[in-house]
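Peer 1: Sequence and predicted structure below; questions after.
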Amino acid sequence: MRRVAITAAAMVVLGLARSRTPSDGALCPTPRLSSPINEARLLALERENGCLDDGQDQPPASWPPGWKSATMSGGDVPPVRVVSDPYPTLHSVVVDAERDRVVFSDPNRHALWTYDRLAESKTRREVEPLGGIRGPATGMMFIAAVTLDREKKEIYTVDNDIGDRLMVFPYDADGNVKPKRVLDVPHQAWGISISDERNEFAVTVEAPREIVIYRKGAEGHEAPLRTIRGPKTHLGDPHGVFFDGVNNELVVTNHGNQGGRAPAPGDAPARQRGSRVAEPQPIEGGKFEEPSITVYPGDAKGDAAPLRRIQGDKTGLNWPMAIDVDRGRNEIAVANDGDSSIRIFRRTDTGNVAPVRVIHGPRTLINGPMGVAYDLKNGEIWVANYGDHTALVFPIAANGNVAPKRILRNAPQGAPTVGFGNPGAVAYDSKRDEILVPN
Amino acid sequence: MHGIFYDPIHDEIVVPVALGGAVLTLPGDAAGDAPPKRTLQGPKTGIVQPDTVYVDLVHDELIVESGDDSVLVFPRTAQGDVAPSRRIGGPNSEVSDIYGLAADAKRDCLVVANRVRNGVRASDDAILVFNRTDNGDPKPRNKIAGPHTGIIKIRQVDVDEERGLIFATIKNNFENYNVADPHPSPWDPDRTGFIGVWSIDDNGDVPPRGVIKGPATGLVWPAGVAFNPKNHEIYAIDSVSNALFMFKMPEFFLKAPGSPSPGR
């Protein structure tokens, strides 16, 4: 299934007065302008603001050469309106039931937030987190998955875009802190999962359609131990991953997108920052294949065929995001963003099979889920809604259109999510007076 | 997706799908899980991993970044697996890593936001201007690049044909983060990005004629730009702030930006 996410931004979320700013090196702050305005008035304003080569305002030393003497319009101008979500978005979720904590990744504010496991919003108000890791020192950019090394009490997260890093923080990290370890990973990483049994972790990477496996503790420019990639893998824009060390398997969700070039075969070096493709492969043309769940041997490498593949119209898979596996019940839970559901499959399912259970419907309050995580100790399933500011907790055997056991809000009830996720372009729809933003 | 174009004549939205090697055209009122009206995809198209698109509404042509260091031009309504009408790419063209495309039918040219990944701040990023009907490996007719331009990590561009202006988003920053630094940061706060405005006839290492830049703007890494000439507004999307900023800039629309009197 393919879908296009475009945000038609509401025109006014936050109106800002456009006022003069002090002469702090800015070029040409412009006062509030009332319409209509004529050229004479514009000239007067610009002269008043020191924009006409009269040397009143000097650009900062860091500005490009020649700008100091150039005649330029504009300058350090405050926006008249801003559309932005001041609250964190809930992307991925992971639970440490032994320590009663839940951790969410937040790509909107480039942060990780930790909550008490039993935190619950019984009113319309949001719940305060136990702590948050956020700020430039963290290095987190447009992050995606989060996972835990419960033995070492470490939190892992990974950049999906802008940065190309995996960052590891101690459980007790809080505020604007440097990561304990940083690892360079290929561009467009999304999922992370640790296998304690193998002492390894796996990272999925979207465009090159690959899974890279590192030793636990890898840092810096350390190369992966192995890479799973190639046409036989049937990887297609992979996202969620679960590294099942007990059954020695890697379980992966795929959106199904295939780029225009054939995937680089075998165990060639992963694509690194600054190169568009690892090496030129034949142009095959892009394809939108059906989404799937693919399963590989835990020690697979190169162009390895999956052991099993769940794919087809009966599966209902549509933008499958995070995945978790309950090895006791032998079940797989998938956050199915495309239809706002959680789909449960048997762990050993293969082919075009229907899920054994689906949590779906208006009573569930599931809304664009990105994250899903089992709490096996307490018999619960956590869901992180990207479509609003809530996380939901269901009994582990929940099925159908059922209300959640608990709701955790990170914003007041009804606070909208703008939906921006590393936006890269904008267009103006003059017919509807709307602004279009692709994610 | 790193690109989008709204076609007001046919009321269509055109988007590149990098991960699926495709260009989709949707109805202007599309919402939710809406199917595209047209899909351009396949080996003949040469579309590999497209980041940006533009539509020349006068000549009825769809301009696509291939994701493979070239500009592809198709009939606007092309769909399926069809070859492009024209292609610009190769060493003479200097086209290398395109993050923005635009066209000026009035001046018969294409505008390319071109990146060169040399890994250092002495950027070779440029705005390249080609003749509209160029094909093959031509030299650009104009090239706006160099330290005086401030162009480092260029992104989306748009063109105001009425006034002959190029609006460009400049990130002005190489993502640099060294955990060993005492105070590491992925961006340099002294080198935040900006919106730059050039004349489409500018050439060489010239400063912009207009800018939106500085702490009051809120811009960190602007990635996209569009404008509304009726309201004299500039819209900038920022990939670090995750925010859409709207600026009232009559000075960009009521006369040639950067000139104390009409003209420069």
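Peer 2: That came through fine.

Peer 1: drop to CA atoms for contacts and neighbour counts, all remaining ones
Peer 2: Noted.

Peer 1: residue contacts, B:Asp7?
Peer 2: Applying CA atoms under 8 Å, 6 or more residues apart in numbering or on different chains to B:Asp7 gives the contacts A:429, B:13-14, B:55, B:57.

Peer 1: That one pairs with what?
Peer 2: B:Glu12 (DSSP bridges).

Peer 1: Need the pLDDT of it.
Peer 2: Reading off the confidence values, B:Asp7 has pLDDT 98.

Peer 1: Which pLDDT value does the model give the residue of the stretch 301-439 of chain A found nearest chain B?
Peer 2: Closest approach between the stretch 301-439 of chain A and chain B, counting by CA to the nearest CA: A:Ala425, at 3.9 Å. With respect to pLDDT, A:Ala425 has a value of 97.

Peer 1: so what's the backbone phi/psi at it?
Peer 2: phi -160, psi 170 (degrees, to the nearest 10).

Peer 1: Hmm, B:Ile154 and it touching each other?
Peer 2: No - with contact defined as CA atoms under 8 Å, A:Ala425 does not reach B:Ile154; the gap is 12.0 Å.

Peer 1: thinking again about what came up before, count of residues packed around the residue of the stretch 301-439 of chain A closest to chain B?
Peer 2: Other residues lying near A:Ala425 total 32 when counted by other CA atoms under 10 Å in any protein chain shown.

Peer 1: before we move on, what about B:Asp29?
Peer 2: B:Asp29: 10 surrounding residues under other CA under 10 Å.

Peer 1: Can you give me the pLDDT of it?
Peer 2: Note on B:Asp29: pLDDT of 97.

Peer 1: In the stretch 101-250 of chain B, where is pLDDT below threshold?
Peer 2: The model of the stretch 101-250 of chain B has pLDDT under 70 over residues B:117-123.

Peer 1: which non-adjacent residue is nearest A:Asp184?
Peer 2: Spatial nearest neighbour of A:Asp184, excluding adjacent residues (CA to CA, 6 or more residues apart in numbering or on different chains): A:Arg165 at 4.7 Å.

Peer 1: ok, the residue of the stretch 301-439 of chain A closest to chain B - contacts?
Peer 2: By CA under 8 Å, 6+ apart, the residues touching A:Ala425 are A:437-438, B:2-4, B:156, B:223-225, B:237.

Peer 1: Over to B:Ala236?
Peer 2: Residues near B:Ala236 by CA under 8 Å, 6+ apart: A:426, B:169, B:195, B:222-226, B:244-246.

Peer 1: Inside strands: which ones of these?
Peer 2: If you go by DSSP state E, these have B:169, B:195, B:222-226, B:244-246 in strands.

Peer 1: just to revisit the earlier point, ok, and the most crowded of the contacts of A:Ala425?
Peer 2: Sorting the contacts of A:Ala425 by how many neighbours each has (other CA under 10 Å) puts B:Gly224 first, at 34 neighbours.

Peer 1: Just give the nearest non-adjacent residue to it, would you?
Peer 2: Per CA to CA, 6+ apart, closest to B:Gly224 is A:Ala425, 3.9 Å.

Peer 1: which residues sit against stretch A:339-353?
Peer 2: By CA under 8 Å, 6+ apart, stretch A:339-353 touches A:308-315, A:317-318, A:325, A:327, A:330-336, A:354-361, A:366-369, A:372.

Peer 1: Generate a PyMOL selection restricted to the buried subset of those.
Peer 2: Buried subset of those, written as a PyMOL selection, criterion 16 or more other CA atoms under 10 Å in any protein chain shown:
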select buried, chain A and resi 308+309+310+311+312+315+317+318+325+331+332+333+334+335+336+354+355+357+358+359+360+361+366+367+368+369+372
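
Peer 1: residues touching the nearest residue to A:Arg229 once chain neighbours are set aside, list them.
Peer 2: In space, and not counting its chain neighbours, A:Arg229 is closest to A:Glu210: 4.6 Å by CA to CA, 6+ apart. Shown in contact with A:Glu210 (CA under 8 Å, 6+ apart): A:204, A:227-230, A:235, A:238.

Peer 1: What strand or helix carries A:Ala373?
Peer 2: strand A:369-375 (DSSP states H and E).

Peer 1: And that strand, what does it pack against?
Peer 2: Counting contacts by 3 or more CA pairs under 8 Å, 6 or more residues apart in numbering or on different chains; DSSP states H and E, strand A:369-375 is packed against strand A:93-96, strand A:320-326, strand A:331-336, strand A:380-385.

Peer 1: The closest residue to A:Ala373 other than its chain neighbours and B:Tyr235: what is the separation?
Peer 2: Closest residue in space to A:Ala373, ignoring its immediate chain neighbours: A:Trp382 at 5.1 Å, by CA to CA, 6+ apart. To B:Tyr235, A:Trp382 is 38 Å away according to CA to CA, to the nearest Å.

Peer 1: can you check B:Asp60 too?
Peer 2: 25 Å.

Peer 1: of those two, who's got more company?
Peer 2: B:Tyr235 (24 against 12).

Peer 1: among the contacts of A:Glu210, which are in helices?
Peer 2: Of these, none are assigned to helices by DSSP state H.
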